[in-house]
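1. following is a predicted model, sequence given first.
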Amino acid sequence: MLLALLALPRSGVAQPRGDGDDERERQFVEALRREAPADAERWVALRDARGRAAAELRQAEAQYTAAGTELRSVALPRLTQARRKYAETSLAVLDFLDTRDGRALTSYRDAIRRINGFLEERQRTRAELERLLR
């Protein structure tokens with residue numbers, strides 16, 4: 001497992017954010033605040049925890065990379081712990097998004113059922129009115 005952790009590509013871990021990401025993030029938080037303020041606060045806490053974990057991971061990676069071969073064994077536990085923390089916080093973010101998206105899907109399915117009911121009712125009404133015209 002340790003070798004697998006060390007083999008993880010750096011490109012997929014702890015990427016810095018760009019300006020466009022910041023604007024999308026702001027819009028997402030504002031939408032969450034309108035829908036469910038508690039969810040917005042939870043999201044901000046999860047996002048911040050993940051950001052701290054990413055910063056710690058980058059620092060641990062830099063320390064590990066800077067250490068000579070004889071000192072890497074000293075830096076390895078911190079790097080392993082930082083990777084675990086980053087993975088935990090990232091999973092918490094994914095869990096939040098999965099839960100939110102699941103609720104949205106349920107809401108959309110309910111709306112689709114209601115709309116289909118309206119369409120069926122209008123279709124029956126249309127058939128009755130067309131029958132009256134004959």
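-> Nice, thanks for sending it over. Bear in mind that the values here come from a model prediction, so they are computed numbers and not experimental data. Numbering: from 1, shown residues only.

2. from the contact counts, what lies against the longest helix along the chain?
-> Ordering each helix of the chain by length in residues (DSSP state H) puts helix 72-133 first. Counting contacts by 3 or more C-beta pairs under 8 Å, 6 or more residues apart in numbering; DSSP states H and E, helix 72-133 packs against helix 2-7, helix 37-66. Just so you know, the C-beta spots here come from the backbone N, C-alpha and C atoms, and that holds for glycine as well.

3. please work out which of those is packed deepest.
-> Ranked by mean neighbour count, these are led by helix 37-66 with a mean of 16 (mean count of other C-beta atoms under 10 Å).

4. and that one, how far out from the chain's middle?
-> Offset of helix 37-66 from its chain centre (C-alpha atoms, centre = their mean, to the nearest Å): 13 Å.

5. do stretch 59-77 as well
-> Mean-position distance between stretch 59-77 and its chain equals 30 Å (C-alpha atoms, centre = their mean).

6. cool, stretch 79-92 as well?
-> With C-alpha atoms, centre = their mean, you get 15 Å for stretch 79-92.

7. hey, C-alpha coordinates of that stretch in CSV?
-> The C-alpha coordinates for stretch 79-92 follow below in CSV (Å, rounded to 0.1, in the frame of the first residue of the first chain):
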residue,chain,number,x,y,z
LEU,A,79,3.8,12.1,3.7
THR,A,80,1.7,9.0,4.2
GLN,A,81,-0.5,10.7,6.8
ALA,A,82,-0.9,13.8,4.7
ARG,A,83,-2.0,11.6,1.7
ARG,A,84,-4.5,9.8,4.0
LYS,A,85,-5.9,13.1,5.3
TYR,A,86,-6.2,14.4,1.8
ALA,A,87,-8.0,11.3,0.6
GLU,A,88,-10.4,11.4,3.7
THR,A,89,-11.3,15.0,3.1
SER,A,90,-11.7,14.4,-0.7
LEU,A,91,-14.0,11.5,0.0
ALA,A,92,-16.1,13.7,2.4
